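1. Fold the following, please.
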Amino acid sequence: MTPTVRIDLARLDTNIAAQPGPLRPHVKTHKIPEIARRQIAAGAHGLTVATVGEAEVFAEVSDDIFIAYPVWADKRLRALAERVRLSVGCDSLEAAERLVGIPAGVLIELDSGHHRSGVPVTALEALARGVFDLGLDLRGAFTFPGHSYAPGAQAQAARDEDQALRAAGDILRARGVADPVLSGGSTPSARYSRVATERRPGVYVFNDAQQLELGTCDWSGIALTVAARVVSRREDRHQIIVDAGSKILGSDRPAWATGFGRIRGASDARITALSEHHGTVAWPAGERLPAIGEELAVVPNHVCLVLNLVDEVEVVSGGRVVDRWQVAARGMN
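-> Numbering: from 1, shown residues only. Coordinates of the predicted model:
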């Protein structure tokens, strides 16, 4: 049955083993407890999530969880903090005030160049003072160098992260945090990171078309594909239509990306357009155009979206489906 999401077990395990520590991997990418267990078995000392809902799912896997997000606390967060060693992100005094009385650690979010959430390093000391004054457990600081998701930007994004975390460490130690957590990392920049005491990459377990085009991985590192079938073809346009559209691939396409996805075994083919259930593929001139009914392995642009669009995945080993895993944190947005 197509379309369906398939995970190559050997490639998955190779990717997990190859990522250097210390690691607190971001499980919002895969949302699958079985994969988190493999990451912990490989040496990860805890897990990162994006939402309280994800944390509730992965509390069954790890007793050390970081919600890397400026959380607005509620009763669910309190209940979670009573089950696991919980840390949460914060970038304002208003959010910190909501954490009073909740047994969770706080990591202040820094903006190291992505310019999303997070405070500049120059504002860290004042916010840290406010967190201390509220009686909260300030454990450290974190940042996401998301500007690493641009061609040629990975090393500089890691240097920006290093600079922010190094300064944060000095500030926090001066405020009495003896051994601050300095948390950073993205899949594209992780190999260049030098200062972080833990790294939080997520996409590395699967990789995707973005990572291919950024040079983070090669084709051997692609552990997840979407099996799709050719349902229409145009010889005159050297074009095919596959039965995987935006409802399974997502529709992310950075300005620098060469398409909406790639095809394993046809490195010059590009998905040029997506409808909800149609993927339009421009096939390389001079190569055999796939036949109606032929199955292809699509590499999505942004794998994190794909796992939030399906209930289960097929696990493949030796060319055979050997298991099916539930995407337990799907929809925990």
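2. Arg173 against Pro180, yeah?
-> Yes - counting by CB atoms under 8 Å, Arg173 touches Pro180, with 6.5 Å between them. C-beta: built from backbone N, CA, C; applies to glycine.
3. contacting residues for the residue lying closest to Arg129 once chain neighbours are set aside?
-> Leaving aside its sequence neighbours, Arg129 sits nearest to Arg175 (CB to CB, 6 or more residues apart in numbering; 7.2 Å). When contacts are counted by CB atoms under 8 Å, 6 or more residues apart in numbering, Arg175 touches 125, 128-129, 132, 138.
4. neighbour-wise, which of Arg173 and Pro180 wins?
-> Set Arg173 next to Pro180 and count neighbours by other CB atoms under 10 Å: Pro180 wins out with 23 against 12.
5. so how far is Val131 from the more buried one?
-> As judged by CB to CB, to the nearest Å, Pro180 and Val131 stand 12 Å apart.
6. bridging residues for Ile263?
-> Beta-bridge pairing of Ile263 under DSSP bridges involves Ala266, Val298.
7. Give me the neighbour count for it.
-> As a burial measure, Ile263 scores 25 neighbours (other CB under 10 Å).
8. That one contacts Gly279, doesn't it?
-> No - between Ile263 and Gly279 there is no contact under CB under 8 Å: 9.7 Å.
9. Can you check which residues contact both of those two?
-> Jointly contacting Ile263 and Gly279 under the rule CB under 8 Å, 6+ apart are 271, 298.
10. before we move on, the earlier item: for the contacts of Arg175, give me CSV that also has neighbour count, secondary structure and pLDDT.
-> Formatted as CSV, the contacts of Arg175 follow (neighbours: other CB atoms under 10 Å; DSSP: H, G, I helix; E, B strand; the rest coil; pLDDT from 0 to 100):
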residue, neighbour count, secondary structure, pLDDT
Glu125, 14, helix, 98
Ala128, 24, helix, 98
Arg129, 13, helix, 98
Phe132, 16, helix, 97
Leu138, 24, strand, 98
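11. Could you save those as a markdown table and add columns showing distance to Gln211?
-> What follows is the contacts of Arg175, written out as a markdown table (distance: CB to CB, whole Å):
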| residue | distance to Gln211 |
| --- | --- |
| Glu125 | 36 |
| Ala128 | 35 |
| Arg129 | 40 |
| Phe132 | 40 |
| Leu138 | 34 |
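12. between those residues, which is nearest Leu47?
-> Nearest to Leu47 among those: Leu138, at 20.8 Å, using CB to CB.
13. Contact partners for the closest one?
-> Applying CB under 8 Å, 6+ apart to Leu138 gives the contacts 105-106, 108, 128, 131-132, 172, 175, 177.
14. just Asp8 next, same as before
-> By CB under 8 Å, 6+ apart, the contact set of Asp8 is 222-225, 316-317.
15. partner strands of the longest strand along the chain, parallel or antiparallel?
-> For the chain, the strand with the greatest residue count under DSSP state E is strand 224-234. Neighbouring strands of strand 224-234 in its sheet, by DSSP bridges, are strand 4-8 (antiparallel), strand 239-242 (antiparallel), strand 295-300 (antiparallel).
16. Check the model's average confidence along that strand for me.
-> For strand 224-234, mean pLDDT is 99.
17. now do the same end-to-end measure for stretch 132-146.
-> End-to-end distance for stretch 132-146: 28 Å, by CA to CA, to the nearest Å.
18. centre of the chain versus it, how much separation?
-> The chain centre lies 21 Å from the centre of stretch 132-146; the measure is CA atoms, centre = their mean, to the nearest Å.
19. List the buried residues of that stretch.
-> For stretch 132-146, burial by neighbour count (16 or more other CB atoms under 10 Å) applies to 132, 136, 138-146.
20. any idea how far Pro22 is from Leu77?
-> According to CB to CB, Pro22 stands 25 Å off from Leu77.
21. More neighbours: which of those two?
-> Legend: neighbour count by other CB under 10 Å for Pro22 and Leu77, higher for Leu77 (21 against 14).
22. Wait, that one touches Ala95, no?
-> No - the criterion here is CB under 8 Å, and Leu77 misses it with Ala95 at 11.2 Å.
23. list residues touching both of the two?
-> Residues touching both Leu77 and Ala95 (CB under 8 Å, 6+ apart) are Val71.
24. how many neighbours does Leu307 have?
-> When neighbours are counted by other CB under 10 Å, Leu307 comes out with 23.
25. Also Glu97?
-> 14.
26. Likewise for the one 5 residues further on?
-> In terms of burial, Ile102 registers 21 neighbours under the definition other CB under 10 Å.
27. Go ahead and confirm it touches Leu80.
-> No - Ile102 is not in contact with Leu80 according to CB under 8 Å; the separation is 9.1 Å.
28. Can you verify Arg37 is assigned to a helix?
-> Yes - assigned with DSSP: H, G, I helix; E, B strand; the rest coil, Arg37 falls within a helix.
29. Can you check what pLDDT the model gives it?
-> Here, the pLDDT recorded for Arg37 equals 99.
30. Model confidence score at the nearest residue to it once chain neighbours are set aside, please.
-> Once flanking residues are discounted, Arg37 sits nearest to Val61: 5.9 Å by CB to CB, 6+ apart. pLDDT recorded at Val61 is 98.
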